[in-house]
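[1] Just a sequence and a predicted model for now, questions to come.
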Amino acid sequence: TTGRPDRFVGLHFFNPVPVMPLVEVVRCGATSQASFEQAFAFAGSLRKTPVACRDNTGFIVNRLLVPYMLDAIRAFEEGVGSIPDIDTGMRLGCGYPMGPFTLGDFVGLDTLYRSCTGLPRSCTTSTGTSDSLPRPCCGGCSSPVTTVERPAQGSTTTATMSRPSASS
């Protein structure tokens with residue numbers, strides 16, 4: 001843990017870092033607005049595209065990507081389609097640059113395995129609920145963030161975070 005939780009911000013880069021433009025800027029409940037905006041600006045200064053997200057299992061991308069890739073494996077196991085047909089279907093039907101199996105080859109099956117074993121069971125099925133996901137980076141924060149907005153361009157004061165009201 002840190003003695004300065006107001007200065008704790010997560011930066012999740014994607015592999016290969018020199019090629020992938022995205023950085024998830026992860027805000028915990030105790031992160032100060034100034035620290036969050038500084039981390040967001042830092043990611044932008046690296047010529048990356050930052051997106052704001054709250055601290056939750058999988059952040060944004062992996063929370064959506066891992067269940068998608070696991071569902072592709074299940075579809076193959078159930079005989080829904082062949083690996084090439086599932087990949088082609090997702091590329092041409094959804095406009096994705098590659099299908100889930102090709103992506104799995106790029107990500108690495110060992111990485112996918114570690115990602116899905118780190119996610120709660122409710123997050124790894126297309127029909128599961130994610131209401132009770134643990135808070136992985138700063139689980140000790142006393143004030144959970146319910147939404148995170150990206151800092152307004154050129155501003156250091158307009159980004160806000162919402163907290164549950166006392167009546168929720």
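    Thanks, I have the structure now.
[2] Let me see the ranges of the strands in this structure.
    9-13, 22-27, 49-54, 147-148, 161-162 (DSSP state E).
[3] With respect to burial, which of these scores highest?
    When those are scored by mean count of other Cβ atoms under 10 Å, the highest mean neighbour count falls to strand 22-27 (a mean of 22). Backbone N, C-alpha and C define where each C-beta goes, glycine included.
[4] returning to what we had before: out of the strands of the chain, which comes closest to Tyr68?
    Minimum separation from Tyr68 across the strands of the chain (Cβ to Cβ) falls at strand 22-27, 16.3 Å.
[5] per-residue pLDDT, the closest residue to Gly44 other than its chain neighbours?
    With Cβ to Cβ, 6 or more residues apart in numbering as the criterion, Gly44 has its nearest non-adjacent residue at 5.7 Å, and that residue is Pro50. Confidence at Pro50, expressed as pLDDT, is 98.
[6] which residue ranges form the helices in the protein?
    Here the chain has its helices, by DSSP state H, at 33-45, 61-77, 83-94, 100-107, 109-118.
[7] Need these in a markdown table (columns: mean neighbour count, mean pLDDT and distance to Met20).
    Below are these laid out as a markdown table (neighbours: other Cβ atoms under 10 Å; pLDDT from 0 to 100; distance: least, Cβ to Cβ, whole Å):
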| stretch | mean neighbour count | mean pLDDT | distance to Met20 |
| --- | --- | --- | --- |
| helix 33-45 | 17 | 97 | 12 |
| helix 61-77 | 17 | 93 | 10 |
| helix 83-94 | 14 | 98 | 19 |
| helix 100-107 | 17 | 93 | 11 |
| helix 109-118 | 13 | 82 | 14 |
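[8] With distance to Pro18 added, can I get the ones you listed in a markdown table?
    Formatted as a markdown table, the helices of the chain follow (distance: least, Cβ to Cβ, whole Å):
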| stretch | distance to Pro18 |
| --- | --- |
| helix 33-45 | 15 |
| helix 61-77 | 18 |
| helix 83-94 | 25 |
| helix 100-107 | 15 |
| helix 109-118 | 18 |
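[9] thought Gln90 was touching Pro100?
    You called it Gln, but residue 90 is Met. Yes: between Met90 and Pro100 a contact is recorded at 6.1 Å, counting by Cβ atoms under 8 Å.
[10] where do the contact lists of these two overlap?
    Contact criterion Cβ atoms under 8 Å, 6 or more residues apart in numbering; residues shared by Met90 and Pro100: Ala72.
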